[in-house]
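Participant: Quick one, structure for this:
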Amino acid sequence: MTAYSPADLAEQLKSGLLSFPVTHFTPDLELDLDAYRQHLAWLAEHPVAGLFAAGGTGEGFSLSLAETDAVVRAAVSEVAGRTPVLAPATGATVNAVAQARAAADAGADGILLMPPYLTEAGQDGLYEHVSRVCEATGLGVVVYSRANAVLHAPTVARLAEANPTLIGFKDGIGNVEQMTRTYATVGDRLMYIGGLPTAETFALPLLQLGVSTYSSALFNFVPEWAVAFYDAVRRQDTDAVYRRLREFVLPYLDIRDRTPGYAVSIVKAGLEAIGRPAGPVRPPLTDLRPDERAELATLVERTRLVETAR
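Facilitator: So this is what the prediction gives:
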């Protein structure tokens, strides 16, 4: 049973950086839960406010329901209460509801509700989708607004009023006007998470819009750097933030943006670069080419040396 009420979970999540670990696979694309546990144990040496198992960086979209349950249970067992674990709810409403209930059974502390699969929907339909998942469990729910499930400010306000367990809004759009409308309308009733790929790029400007934390994929392979960057954002140390953006994030983005899906693939390549491989990505994603992996490895090594010297 979770130690976090929805309100307690919201307070915890907005207090620090959020970890979105990759999911480890063997060379033949089977789950490698032993390697996954070892990865979580290493990440646990660094401070985070929450761990999101089988999220986007964790290739949750490529996992079966049984695999998702196995990953969530492995995370809950390995973390052992040191930080809250949030599980995904994905796909069709009936599947998302089933996953939310399974997450509670597995001992997860909250839910990250992903967009439904494929189909577009109006605001009323999305309202029903989110509400049914919130009603399925007493766990705190963070809704991810992106892709085919972009929630407008009035809908977010309706959801927050009707669903006490809705605790958070994760923004995967980056539309300043839309985020301003949402925060101005809903205020501190929800906590707000930056959820764009390589969220560090947007962390400082979004802080002014109530987005107090973000999902860090970079934490997977440069955790010290990721924590230092987050601290600089919270201090609003503009010089430190933009220096680190120039030194590491911008050249990293140059590699990431070459192929759709590299936002996940490049994280696994980063782990390979530091000698902690997580295996390949599953289709439809593709791994970085050898020359791109070498380019990334050089960038990571240079960044680690610079960070150590500070």
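Participant: Not including adjacent chain positions, what is the nearest residue to residue 292?
Facilitator: residue 255 (5.7 Å; C-beta to C-beta, 6 or more residues apart in numbering). In this view, the C-beta of every residue, glycine as well, is placed from N, C-alpha and C.
Participant: I'd like the next helix or strand past the helix or strand encompassing the one you found.
Facilitator: Using DSSP states H and E, the element containing residue 255 is helix 250-256. Following helix 250-256 in sequence order, the next helix or strand is helix 262-273 (DSSP H and E).
Participant: ok, which stretches of the stretch 151-300 of the chain are helices?
Facilitator: In the stretch 151-300 of the chain, the helices defined using DSSP state H, counting those that start in this stretch lie at 153-162, 176-186, 203-207, 223-234, 238-244, 250-256, 262-273, 290-309.
Participant: Could you report the separation of the residue nearest to residue 292 from residue 298?
Facilitator: Separation of residue 255 from residue 298 (C-beta to C-beta, to the nearest Å) stands at 11 Å.
Participant: quick revisit: how far away is the residue nearest to residue 292 from residue 80?
Facilitator: Residue 255 is 35 Å from residue 80, by C-beta to C-beta.
Participant: which of these two has more neighbours?
Facilitator: residue 255 (18 against 10; other C-beta atoms under 10 Å).
Participant: For the more buried one, give me its contacts.
Facilitator: 262, 266, 288, 292, 295, 296, 299 (C-beta atoms under 8 Å, 6 or more residues apart in numbering).
Participant: what do you get for residue 96?
Facilitator: Applying C-beta under 8 Å, 6+ apart, the residues contacting residue 96 are 89, 90, 113, 114, 116, 129, 132, 133.
Participant: rewinding a little: of all the helices of the stretch 151-300 of the chain, which lies closest to residue 283?
Facilitator: helix 262-273 (11.4 Å; C-beta to C-beta).
Participant: Give me the mean pLDDT for that closest one.
Facilitator: The average pLDDT within helix 262-273 is 98.
Participant: Just read off the phi/psi values of residue 89.
Facilitator: phi -130, psi 120 (degrees, to the nearest 10).
Participant: Assign the nearest residue to it once chain neighbours are set aside to helix, strand or coil.
Facilitator: In space, and not counting its chain neighbours, residue 89 is closest to residue 96: 4.0 Å by C-beta to C-beta, 6+ apart. At residue 96 the chain is in helix, as set by DSSP: H, G, I helix; E, B strand; the rest coil.
Participant: so where's the stretch 1-150 of the chain uncertain?
Facilitator: 1 (pLDDT under 70).
Participant: Need the per-residue pLDDT for the residue of the chain most remote from its centre.
Facilitator: Within the chain, the residue lying farthest from the chain centre (C-alpha atoms, centre = their mean) is residue 309, at 29.1 Å. Looking at residue 309, its pLDDT is 79.
Participant: Report the separation between it and residue 222.
Facilitator: Taken as C-beta to C-beta, the span from residue 309 to residue 222 is 15 Å.
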